[in-house]
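Asks: requesting a structural model of the entry that follows:
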Amino acid sequence: MPQFLIDFGNWLYDIFYAAVATVGVLIYDVLLLILEGFFIVGQTALDGIALTMETLNLGDYMTFLGPDVLAWIVAIGFTEAMGMVITGISIRLLLQIIPFTRLGS
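Replies: As a prediction, the model looks like this:
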């Protein structure tokens, strides 16, 4: 077999190999682009949760109560209890974001 046919076959093999490798990299990049889109959506959702939590300030509502009521609230530990409840609910909601850890829902 002539050498130019062998060289041509090797050249075609190299071109085909480069084309397949390029398509593989293209598919990899598209999958990473889709994954990045999911991360952007998740980041936006978490930023929205943070904005809603900033507007929830119980201190503003506590000023409307009288001093006797405030003394009883502090005496029974209502503020600490509400802090624990809100922290527990927040942790549960954040764990719902992680796949495969639905925790009863």
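Asks: need the next SSE after the helix-or-strand element of the chain with minimal mean pLDDT, C-terminal direction.
Replies: Least confident element among the helices and strands of the chain, by mean pLDDT, DSSP states H and E: helix 58-62 (a mean of 70). Scanning forward in sequence from helix 58-62 by DSSP states H and E, the next helix or strand is helix 67-76.
Asks: pLDDT below threshold where in the protein?
Replies: 50-59, 100-105 (pLDDT under 70).
Asks: next one: the residue nearest in space to the middle of it from residue 35, what distance?
Replies: Geometric centre of the chain, nearest residue: residue 42, 3.9 Å, by Cα atoms, centre = their mean. Residue 42 sits at a distance of 11 Å from residue 35 (criterion: Cβ to Cβ, to the nearest Å). C-beta coordinates here come from the backbone N, C-alpha and C atoms, glycine included.
Asks: that'll do, ta.
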